[in-house]
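In: quick one, fold the following:
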Amino acid sequence: LEQSGAPGNVATPPPSVSLAAPRVGLVVVPPIRSAPGSVDARRYASRALAGLTSLQERDRPCGWIVDLRTDVGGDMWPMLLAIGPVLGSGRVIGFTQHRGPVVYVTYRNGVLSGDGYTDRAPRVVADFAPAPPVAVLTGPSTLSSGEAVAIAFRGRPHTRSFGSATGGATNSPHTYRLADGATVAFSTHWDVDRNGRVYKQSIVPDVLAPGRGGIDDARRAAVKWLLSTSECRAGR
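Out: This is a model prediction of the structure:
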């Protein structure tokens with residue numbers, strides 16, 4: 001389920017955590033192709049969780065932006081573990097074959113579980129409470145596992161997406177090893193959101209804000225929406 005076959009430690013840059021504006025947290029999620037549970041995957045999630053914890057304790061953001069516009073894919077599991085406290089517990093994403101049953105992945109207390117596979121975060125960080133509003137940014141370079149992360153937020157309460165349509169690789173590959181040692185990957189599953197909607201094409205955001213002339217319209221629109229939510233207005 002959205003696992004890369006790439007092994008080893010490749011020093012993947014971890015997600016960056018900062019303030020996009022006063023009282024608005026920002027997590028930029030990069031791609032990662034390291035194998036699940038590898039040193040690199042654990043470092044990726046650990047650095048992100050440390051940043052989330054620090055910013056939450058210091059600045060207490062009333063809302064969060066999850067920026068997936070450079071996430072071209074790889075392995076979904078460390079990505080979801082890295083943003084787990086913002087995403088929150090429960091059913092987050094499913095996968096289905098043609099006319100087959102849906103296999104769901106759930107997140108709770110730093111643990112992702114699905115179809116007999118379990119992956120644990122290198123450090124446990126409680127879900128942010130109350131659950132904050134979240135703005136998800138996407139674009140044409142949001143692909144594969146990056147799209148899976150975007151889908152994990154679909155149907156989440158107090159969530160809205162901004163930017164441009166994703167690249168349209170909303171499926172899960174399976175790698176087959178051939179007799180001569182070569183490998184070939186085929187897409188075998190479609191992505192499904194927590195409400196049962198199946199995604200077979202690009203994901204169109206709720207608010208189209210592609211940006212022109214170097215202006216980050218998507219982030220600006222996301223900040224404006226977050227600050228207008230009841231959660232952010234209550235803290236003024």
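In: would you map the strands across the protein?
Out: Chain-ordered strands for the chain, with DSSP state E as the definition, fall at 16-21, 24-28, 63-67, 90-96, 102-108, 111-114, 117-120, 134-138, 159-163, 171-177, 183-192, 198-199, 207-208.
In: pick the most buried one from these.
Out: Highest mean neighbour count of the strands of the chain: strand 134-138, a mean of 28 (counted as mean count of other CB atoms under 10 Å). For glycine as for every other residue, the C-beta is placed from the backbone atoms N, C-alpha and C.
In: strand partners (parallel or antiparallel) of that one?
Out: strand 63-67 (parallel), strand 159-163 (parallel) (DSSP bridges).
In: which residues touch the last one?
Out: Same thing as strand 159-163. Under the criterion CB atoms under 8 Å, 6 or more residues apart in numbering, residues 69, 133-139, 150, 153, 203, 205-211, 218-219, 221-222, 225 lie in contact with strand 159-163.
In: again, only this time at 7 Å
Out: With CB atoms under 7 Å, 6 or more residues apart in numbering as the test, strand 159-163 has contacts from 69, 133-139, 150, 153, 205-207, 209-210, 218, 221-222, 225.
In: what pLDDT does the spatially most central residue of the chain get?
Out: Residue closest to the average C-alpha location in the chain (CA atoms, centre = their mean): Val149, at 2.9 Å. On pLDDT, Val149 comes in at 98.
In: separation between it and Trp77?
Out: In this view, Val149 and Trp77 are 10 Å apart by CB to CB, to the nearest Å.
In: check Leu112 too.
Out: Separation of Leu112 from Trp77 (CB to CB): 6 Å.
In: give me the common contacts of these two.
Out: Asp119.
In: in the protein, where is pLDDT below threshold?
Out: For the chain, the stretches with pLDDT under 70 are 1-11, 171-188, 211-215, 235-236.
In: top helix in it by residue count?
Out: helix 39-59 (DSSP state H).
In: quick one: that one to strand 24-28, angle?
Out: Note on geometry: by axes from the mean of the first three to the mean of the last three CA atoms, to 10 degrees, helix 39-59 and strand 24-28 are set 170 degrees apart in direction.
In: can you list the helices and strands that helix 39-59 packs against?
Out: For helix 39-59, the packing partners by 3 or more CB pairs under 7 Å, 6 or more residues apart in numbering; DSSP states H and E come out as strand 16-21, helix 76-82.
In: would you mark the buried spots in it?
Out: 40-49, 51-52, 55-56 (16 or more other CB atoms under 10 Å).
In: what two of those residues are the furthest from one another?
Out: Largest separation among the buried residues of helix 39-59 by CB to CB: Asp40 and Gln56, giving 24.7 Å.
In: if we can go back for a sec, tell me which of the strands paired with strand 134-138 lies nearest to Asp127.
Out: That would be strand 63-67 among the strands paired with strand 134-138, by CB to CB, at 12.1 Å.
In: run the chain-centre distance for the closest one.
Out: 11 Å (CA atoms, centre = their mean, to the nearest Å).
In: contacting residues around the closest residue to Ala152 other than its chain neighbours?
Out: Nearest residue to Ala152, sequence neighbours excluded (CB to CB, 6 or more residues apart in numbering): Val92, at 4.2 Å. Contacts for Val92 were tallied using CB under 7 Å, 6+ apart; they are Leu80, Val105, Thr106, Tyr107, Ala152, Arg194.
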